[in-house]
Each structure stands twice: as C-alpha cells, then as structure tokens.
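1. Structural data only, the sequence is not supplied:
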DNA sequence: TCAAATACTAAACAACTGTTCAGCAAATAT
DNA sequence: ATATTTGCTGAACAGTTGTTTAGTATTTGA
C-alpha cells in the first residue's frame, strides 16, 4: 500500500475526467480502470459501487454548490467572482462535469439549478441596492430566466461553438457573447408596439 | 400480414415515446418490444438496426426542422406560430423528443440548433422592419443568445417546474415566465453604472 | 517477529445489450 | 391450388455491464 491515498485520488480524478467527457451512464468502470492501468475490481474495492463513485466525484468537484449552503458564500460579489475564476481555471473538465450533473437529472441536478438561481437573485438584490436595477414586476422569475439563459449556454456550449466558429474561451467569441448579452441586459431587445423607433433610455 | 403498415407505425410511435422519455442510449430495443407486446427481433425486421430506428424516429418527429430547409417555412410569422402550435398540441412527447435529440449531440443536434437560431434571426429582422428593434451592435449574436435562452428552458424544463412549483403549461407558471421574459426583452434588466435610478425608455 | 489489515488482481457471475438465424404461419401472387 | 413473399417468434450469439469471490502480495500494528 505504498501510495494508497494517492491511488484512490488518482482514480477519482480520472473518473471525474471521464464522467465529464462521456457522462455517467456513458462511462463504464472498466473504461476508467483501463485508463488508470488498474483492475476494475479496484474501483469497487475503493468506492464500493459505481453509484458511490459518482456521488464522491460530485461532492469532490461541485462540493459547496451541491451541499446546500447556497447563501453562505454568495453574499459577497468579489467572493462569487473569485469562486468562478478558481472553478474555471482548472480547465474544461469542471465545467463539463457540471454540465453532466445538470443533465443527469435527479437530486443533485436540482440543487445545482437552485443554487444557480439563488446566485442570480443575490445579484439582482445587489444591483437593486446600487440603484442599478430597472423596475420589474417579478424579481424571482427574472432571476430564474437569467439563470436559464446562463445555464443554457453551458448545456449548449458545443453547439454554440460550432455555430460561432470558435471556442467560447477565445477572445473573439467570448467578447461577442458578452457584448451582446450586456446590451440585452442594459437596453432590452424590442421596442413596445405602438411607439415609433426610439433609443433605449441609456 | 393483416396490418403490416399499422404495426410498423405503432412500433415507431412507441419508440418515439420511449426515446423522448429515456433518451436514445437509455432505451433498449427489448424495452420497446416489451411495451409493444412484440418480439425484439421484429424491430430489427422492420427497421434493420437501432440506429436506423432512431434516424427514422427523428425524421418522423422533427421532419422539416432537421431536413435543412430552415428558411423555407419560417418566413411568415403566422406560419411559424402555427407550426409551433401544431407541434405542441400533441402533448409532451414531441418536446421531450426534441430535447433528447438536442442533448444527444452530433449532426441532428446541430441542425436543430442552427434552425432555432435562424428562426430567432428572422424574428429580429421582422421586428426591425416593423421599427420595433432597439439599436444593437451584433444582431446575429443577439439572436443566438435569445435562442440559447429559449432552448435552455426546454432543456431545463423539469428543474424549472420544480423550482416554480408547477408545470410550465399551467397558467400560473406560464404567465409569470412570459411576463418576466417580455419585460426583460422590452426594458432590459440593469441600469448602466453612473446613472441614477431611472425608468427604461418605454 | 508474527499477525492482521490493506492494496490489488484474475476469473467468473448474472444481467443486459444489439443482432442473427432458423422456422412457422398467414397473406399474396401465379 | 401451388409457390412465394411477408410478418413474426424463440432461441441463441457475442459483447458489455456492475459486482463478487478467492487469492496474492505488501504494508502496518503489536
């Protein structure tokens, strides 16, 4: 048992990568074991069950997001941004893993979604306090729609990239998306019927 | 061979329902055959291959959307709406099937996505002609973001329903979503920094 | 030093997958 | 009426899945 904890950690790391790439149902224990150069039985030995391995992979990767302590870390805007950056800097795997959990449905998926909606609600509250929120009839639902739009771009990332002809992380694509998104959030898109053409109130 | 065509059609219909519910990988030929009260070999007999069955199910259900004749039927706004209504009135199956194809990735998924973006672009063009489009720097990207938001709500439907405590088709939930969405598209959400609180230009 | 716990494997398990094959019965064509 | 095609089935195939079991080293604790 030279490097016991290390082997376990390596297995978990490889599992997370493969789950992120091919989903949970699409990743067999055998394929994980093969890539790790290890017997399939070792995975069972360390984690007991594929289901348990999945749960541990989720806690490991999405930890706080899934633990239900939503509000705790979101209060501070700088912290939230810092969190996102730390999450993203690890490459594409965490985001793809996030995507798979969201798509898998069930308990964890819902927690992720609810946590994301909470984040949006906090953002709207902060903007309101700063006097930068437009009048709206239903702040909760607005937060939900903003969340759906954001998560949608995660779920549809590969389609977006093909459609825009480059990786989302590229400066060109990223800036186009951010610019348009900011415009939409600032000015809206449509002018109410019955009014003549006119600029938004900026 | 009493009702040959009828049997084939029934099998296809049941397959579509089960694919819509459990996805393509998650639906075995045996489970389809069982629910149809028929032998698994009959599915092979009629369709040749699971892959072929999937393709036929897709053409059958999403036909024009996937055929690449995007622009053809979208020109007219009333036609577009009419299409959507016809598609929706068949219950939840078509929408769930749409969702599964979009999630499955690959060729069909991309075509569906591109077709949806095209629809949004046409909509923006029509609004512009009617003088109801706000100034924007990148109409294409705006159309793409609107599409992502719309498709996101399809992909995340079950999460949205749990979060809002009722089916999307219910009057309560549907009207909240539509109201907030319309507000966002009309007025935007945020007021630019450096301005004091102020209503949108409506 | 000796015993016990741990890390690990090879082989096999039962269940499931898509697909094939031989054959039967019923409808159609000649 | 005979021959042929068609609809359909049961059984089996080869491959994959998660998991079990028996066993072998290797490391740790007393």
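-> Thanks, I have the structure now. This one's a predicted model, so the numbers in the text were calculated from it and none came from an experiment.

2. Could I get the contacting residues of residue A:173?
-> Neighbour list for residue A:173: A:161, A:164-167 [criterion: CB atoms under 8 Å, 6 or more residues apart in numbering or on different chains]. Quick note: C-beta positions are derived from backbone N, CA and C, even for glycine.

3. Narrow these to just the buried residues.
-> residue A:164 (16 or more other CB atoms under 10 Å in any protein chain shown).

4. So which of the contacts of residue A:173 belong to helices?
-> Using DSSP state H, A:161, A:164 are the members of the contacts of residue A:173 that sit in helices.

5. So which elements touch the helix or strand where residue A:108 lies?
-> Element membership for residue A:108 (DSSP states H and E) is helix A:106-129. Packing partners of helix A:106-129 (3 or more CB pairs under 8 Å, 6 or more residues apart in numbering or on different chains; DSSP states H and E): helix A:50-67, helix A:70-74, helix A:77-88, helix A:92-104, helix A:139-155, helix B:157-164.

6. is chain B contacted by the fifth one?
-> Yes: when contact is scored as CB under 8 Å from any CB of the partner chain, part of helix A:139-155 falls within range of chain B: A:141-142, A:144-146, A:148-149, A:151-153, A:155.

7. between that helix and helix B:92-104, how big is the angle?
-> With axes from the mean of the first three to the mean of the last three CA atoms, to 10 degrees applied, the angle from helix A:139-155 to helix B:92-104 works out at 50 degrees.

8. Residues contacting helix A:139-155, please?
-> A:95, A:98-99, A:102-103, A:113, A:116-117, A:119-121, A:123-124, A:128, A:136, A:160, A:168, A:177, B:103, B:145, B:148-149, B:151-153, B:155-156, B:160, B:163-164, B:176-177, B:179-181, B:183-184, B:189.

9. what about it, distance to the chain center?
-> 12 Å (CA atoms, centre = their mean, to the nearest Å).

10. try the last one
-> With CA atoms, centre = their mean as the basis, the distance from the averaged C-alpha position of helix B:157-164 to the chain average is 17 Å.

11. List the buried residues of the helix or strand that it is followed by.
-> Following helix B:157-164 in sequence order, the next helix or strand is helix B:171-187 (DSSP H and E). Across helix B:171-187, burial judged by 16+ other CB under 10 Å covers B:173, B:176-177, B:180-181, B:183-187.

12. Show me which of these is closest to DNA strand D.
-> Closest to DNA strand D out of the buried residues of helix B:171-187 is residue B:173 (36.9 Å), distances taken as CB to the nearest atom of the strand.

13. in what helix or strand does residue A:26 lie?
-> Going by DSSP H and E, residue A:26 is not in any helix or strand.

14. what about it, distance to DNA strand D?
-> Distance, residue A:26 to DNA strand D, using CB to the nearest atom of the strand, to the nearest Å: 8 Å.

15. Residue A:95 now?
-> From residue A:95 to DNA strand D the distance is 23 Å (CB to the nearest atom of the strand).

16. on that earlier part again, Throw the contacts of residue A:173 into CSV and include pLDDT and distance to residue A:10, thanks.
-> Formatted as CSV, the contacts of residue A:173 follow (pLDDT from 0 to 100; distance: CB to CB, whole Å):
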residue, pLDDT, distance to residue A:10
A:161, 97, 30
A:164, 97, 36
A:165, 96, 37
A:166, 94, 33
A:167, 92, 28
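
17. Around the spatially closest residue to residue A:152 that is not a sequence neighbour, how many other residues sit close by?
-> Sequence neighbours aside, residue B:152 is the residue nearest to residue A:152 in space, at 2.3 Å (criterion: CB to CB, 6 or more residues apart in numbering or on different chains). If you count neighbours by other CB atoms under 10 Å in any protein chain shown, residue B:152 ends up with 22.

18. Quickly note the distance from residue B:152 to DNA strand D.
-> 29 Å.

19. ok now whichever strand or helix holds residue A:6, how far from the chain's centre?
-> Following DSSP H and E, one finds residue A:6 within helix A:4-22. On the basis of CA atoms, centre = their mean, helix A:4-22 sits 19 Å off its chain's mean C-alpha point.

20. what is the mean pLDDT for that helix?
-> Computed over helix A:4-22, the mean pLDDT rounds to 92.

21. Buried ones in it, by neighbour count?
-> Quick answer for helix A:4-22 (16+ other CB under 10 Å): A:8, A:11-12, A:14-20.

22. Adding distance to residue A:28, write those residues out as CSV.
-> Putting these into CSV (distance: CB to CB, whole Å) gives the following:
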residue, distance to residue A:28
A:8, 19
A:11, 14
A:12, 16
A:14, 13
A:15, 11
A:16, 15
A:17, 14
A:18, 9
A:19, 11
A:20, 15
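
23. Return the most buried member of the helices and strands packed on helix A:106-129.
-> The highest mean neighbour count among those, using mean count of other CB atoms under 10 Å in any protein chain shown, belongs to helix A:139-155: a mean of 22.
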